[in-house]
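In: My questions are about this predicted structure, shown below with the sequence.
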Amino acid sequence: MDKPFAITLNPGSSLANHTGSWRTARPVYLDRLPPCNNQCPAGEDIQGWLFHAESGNYEAAWRHLTRDNPFAAIMGRVCYHTCESACNRGKIDEAVGINSVERFLGDEAIKRGWKFAAPARNPARRC
């Protein structure tokens, strides 16, 4: 059988390679934690607040960080930063110093006097 130039595979090869329009398997999308978030003992949303810090909006970064951990300045000093050993960036050049950024945000909040939002009052409950 003489095939045209563009056809390089046998017509039955799509069955062998599991390709073609008859395919029934569909991709399964999984939502997984990044390695640094998974490694964090405090359970912080590292990518969430790091996004704000990278864009220079330090107050938004601090507010996002303190939703999970209200002691950013303390944690930045005492954390043994296991997230750095799991950091994907470490495979390219150097891991991100998460605890250093966290310490900076905590110190910046103290220096600029950023305050926590007041808790919502529950009028039904009386003390």
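Out: Received it, and whenever you're ready, just let me know what you need.
In: Could you list the low-confidence segments of the protein?
Out: 1-25, 124-127 (pLDDT under 70).
In: and the most centrally placed residue in the chain, what element?
Out: The residue lying closest to the centre of the chain (Cα atoms, centre = their mean) is Gln47, at 3.5 Å. Element membership for Gln47 (DSSP states H and E) is helix 46-54.
In: now that helix: how far from the chain's centre is it?
Out: Between the centre of helix 46-54 and the centre of its chain there are 8 Å (Cα atoms, centre = their mean, to the nearest Å).
In: For it, list the C-alpha coordinates in PDB.
Out: In PDB, the C-alpha atoms belonging to helix 46-54 read as follows (Å, rounded to 0.1, in the frame of the first residue of the first chain):
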ATOM      1  CA  ILE A  46       2.800  30.600  52.300                       C
ATOM      2  CA  GLN A  47       2.100  31.300  48.600                       C
ATOM      3  CA  GLY A  48      -0.900  33.400  49.600                       C
ATOM      4  CA  TRP A  49       1.000  36.000  51.700                       C
ATOM      5  CA  LEU A  50       4.200  35.700  49.700                       C
ATOM      6  CA  PHE A  51       2.300  36.800  46.600                       C
ATOM      7  CA  HIS A  52       1.500  40.100  48.400                       C
ATOM      8  CA  ALA A  53       5.000  40.500  49.700                       C
ATOM      9  CA  GLU A  54       6.500  40.000  46.300                       C
END
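In: Tell me which other helices or strands that helix touches.
Out: Helices and strands touching helix 46-54, by 3 or more Cβ pairs under 8 Å, 6 or more residues apart in numbering; DSSP states H and E, are helix 35-39, helix 58-68, helix 98-112. (Each C-beta comes from the backbone N, C-alpha and C, glycine too.)
In: Quick one: the ones you listed as JSON lines, columns for distance to Cys83 and mean neighbour count too.
Out: Output for the helices and strands packed on helix 46-54, formatted as JSON lines (distance: least, Cβ to Cβ, whole Å; neighbours: other Cβ atoms under 10 Å):
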{"stretch": "helix 35-39", "distance to Cys83": "4", "mean neighbour count": "17"}
{"stretch": "helix 58-68", "distance to Cys83": "13", "mean neighbour count": "18"}
{"stretch": "helix 98-112", "distance to Cys83": "5", "mean neighbour count": "18"}
